[in-house]
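**Q** curious how this folds, go ahead:
(one chain, ligands or ions: 1)
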Amino acid sequence: MSQRNGNGFGAPPPIPAKKYNFKRGPMLVYWEVTIACDLACQHCRASAQPWRHPQELTREEGYRLLDQLAEFEPKPHIVFTGGDPLKHPDLFPWIRRAVDMGFLVAVTPAGTPLLTQEVIRRFKDEGVWMLSLSLDGSTPERHDAVRLVPGSFKRTVNAIRWALDAGLPVQVNSLVAAMTYDDIPNIGRLLVDLGVQRWSVFFLVPVGRGKILGAVTPEQTERLLEWLYEFSKTAPFAIKTTEAHHYRRVALQKATAEGNQRKLQSLRRGFGIRDGSGILFISHIGEITPAGFLPIVTGNVRTDHVVRVYREHPLFVALRDPDQYKGKCGVCEYRHVCGGSRAQAYAYTGDPLESDPTCVYVPTKLAEEARSR
Ligand code: SF4
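**A** Residues are numbered from 1 along each chain as shown. You can find the predicted model right below:
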């Protein structure tokens with residue numbers, strides 16, 4: 001089924017999350033088509049730079065990757081990311097092929113002069129389902145201080161408006177780090193005014209250039225997650241967190257205490273999805289990893305079959321089994337719905353199965369053991 005011109009504005013994905021069995025296949029495949037980018041963001045996971053890598057996948061290799069991904073049932077959503085995917089000359093041929101094969105396609109371009117109104121209209125015409133853009137400040141000064149390129153805020157806000165005018169749904173990604181923490185509520189309110197469809201609040205993982213940006217403390221994280229829950233009650237868009245899966249725990253605790261059945265139902269949709277469990281990442285040179293922020297290479301699409309790697313590689317198998325997690329995440333009563341960020345665990349401890357150190361929660365089992373001592 002081609003989705004070209006086929007998605008209604010703001011339409012939900014045609015395949016609900018509950019249809020996916022994360023042991024058999026991912027729901028989201030992030031394909032980093034290039035690390036080239038004209039921005040110089042302080043937190044860039046890809047440590048992007050202006051030039052393309054000479055060993056990036058060729059057009060034909062990209063088509064072969066799509067053929068392999070099509071063997072997952074149901075088909076995953078593909079997110080073309082970077083760097084700036086617009087820096088890759090084969091982006092549009094790959095999008096066209098993916099849409100024609102029936103994949104749901106999103107694109108995460110950078111807010112640079114390459115992202116014109118014409119390009120956005122082309123995304124819509126090619127059948128892209130959602131545009132994903134980064135806004136890390138509520139004002140030009142605050143956003144551009146993170147992106148390090150003057151004018152980036154204005155370009156991004158223009159791109160959001162152009163996409164919405166063209167009927168292309170928009171997800172906005174916002175970084176939570178020491179320098180953005182106090183501005184996150186202002187960004188949320190700005191997004192209400194802009195009328196976007198989804199907000200992904202991304203908690204800094206200290207990898208790539210992000211190592212030099214300060215992460216927030218676990219206590220600050222908890223307070224922000226609580227604020228997000230309250231904000232989500234009135235926000236006219238969906239809110240998700242990236243690399244702070246314990247938002248599910250916070251929201252579950254609060255919704256249960258309030259007896260908020262509607263909220264509980266909507267929360268259940270995202271349960272269990274995390275790096276390597278429903279998520280798969282392909283790097284610009286074809287490396288297969290559980291996520292962009294969990295850069296442990298488990299194979300390469302040039303030599304390995306991506307379906308086999310996802311289903312059988314010991315790391316992927318372990319990441320999908322919260323009973324194998326160590327420390328408090330391994331005994332936490334929320335481990336199957338939350339499980340913690342495996343990327344945060346890896347970044348801080350070097351072990352992707354360790355506890356997520358960004359979560360303040362003390363699991364019931366540990367609290368009871370401490371009381372009985
Ligand atoms: S302890 Fe681990 S599994 Fe439990 S809520 Fe925190 S991050 Fe999630």
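**Q** helix or strand with the lowest mean pLDDT in this protein?
**A** Lowest on mean pLDDT, DSSP states H and E among the helices and strands of the chain sits helix 261-268, with a mean of 78.
**Q** which secondary structure elements does that helix contact?
**A** Under the contact definition 3 or more C-beta pairs under 8 Å, 6 or more residues apart in numbering; DSSP states H and E, helix 261-268 sits against helix 247-258. In this view, the C-beta of every residue, glycine as well, is placed from N, C-alpha and C.
**Q** show me what the helix it packs on is in contact with.
**A** 222, 225-226, 228-229, 232, 240-241, 260, 263-264, 267, 270-271, 334, 337-338, 359, 361 (C-beta atoms under 8 Å, 6 or more residues apart in numbering).
**Q** show the buried residues in these.
**A** 222, 225, 228-229, 232, 240-241, 260, 263, 267, 270-271, 334, 337-338, 359, 361 (16 or more other C-beta atoms under 10 Å).
**Q** where does pLDDT dip in the stretch 151-300 of the chain?
**A** 208-210, 269-271 (pLDDT under 70).
**Q** who in it is up against the ligand?
**A** His246, Arg249 (C-beta under 6 Å from any ligand atom).
**Q** pretty sure Leu114 sits in a strand.
**A** No - under DSSP: H, G, I helix; E, B strand; the rest coil, Leu114 sits outside any strand and is assigned coil.
**Q** pretty sure it sits against Cys37.
**A** No - Leu114 lies out of contact with Cys37 (C-beta atoms under 8 Å); the separation is 9.7 Å.
**Q** and the residue lying closest to Val362 once chain neighbours are set aside, what pLDDT?
**A** Once flanking residues are discounted, Val362 sits nearest to Lys328: 7.0 Å by C-beta to C-beta, 6 or more residues apart in numbering. Per-residue confidence (pLDDT) for Lys328: 97.
**Q** contacting residues for the spatially most central residue of the chain?
**A** The centre of the chain sits closest to Thr242, judged by C-alpha atoms, centre = their mean, with a distance of 5.6 Å. Thr242 sits next to Asn173, Ser200, Val201, Phe202, Phe203 when contact means C-beta under 8 Å, 6+ apart.
**Q** can we see that at 10 Å?
**A** Counting by C-beta atoms under 10 Å, 6 or more residues apart in numbering, Thr242 touches 173-176, 200-203, 205, 275, 279, 291-293, 341, 343.
**Q** ok, now Gly62?
**A** Applying C-beta under 10 Å, 6+ apart to Gly62 gives the contacts 31, 33, 56, 88, 90-91, 93-94, 97-98, 282, 286, 301.
**Q** same check, this time on Phe237
**A** Per C-beta under 10 Å, 6+ apart, neighbours of Phe237: 10, 169-172, 188, 191-192, 194-199.
**Q** swap the cut-off to 7 Å and go again
**A** Neighbouring residues of Phe237 by C-beta atoms under 7 Å, 6 or more residues apart in numbering: Leu191, Val196, Gln197, Arg198, Trp199.
**Q** filter these down to the buried ones, ChimeraX style.
**A** The following ChimeraX line selects those of these that are buried, judged by 16+ other C-beta under 10 Å:
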select :191,196,197,198,199
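**Q** show me the contacts of Phe237 that map onto helices.
**A** Leu191 (DSSP state H).
**Q** run through the helices of this protein in chain order.
**A** Using DSSP H, helices in the chain cover 59-69, 91-100, 117-125, 140-147, 152-165, 184-194, 218-232, 247-258, 261-268, 306-312, 314-319, 327-331, 342-349, 364-372.
**Q** out of those, which is the most enclosed?
**A** Ranked by mean neighbour count, the helices of the chain are led by helix 342-349 with a mean of 24 (mean count of other C-beta atoms under 10 Å).
**Q** list the contacts of it.
**A** Under C-beta under 7 Å, 6+ apart, the answer for helix 342-349 is 205-207, 243, 274-276, 290-291, 293-294, 319, 351-352, 354-358.
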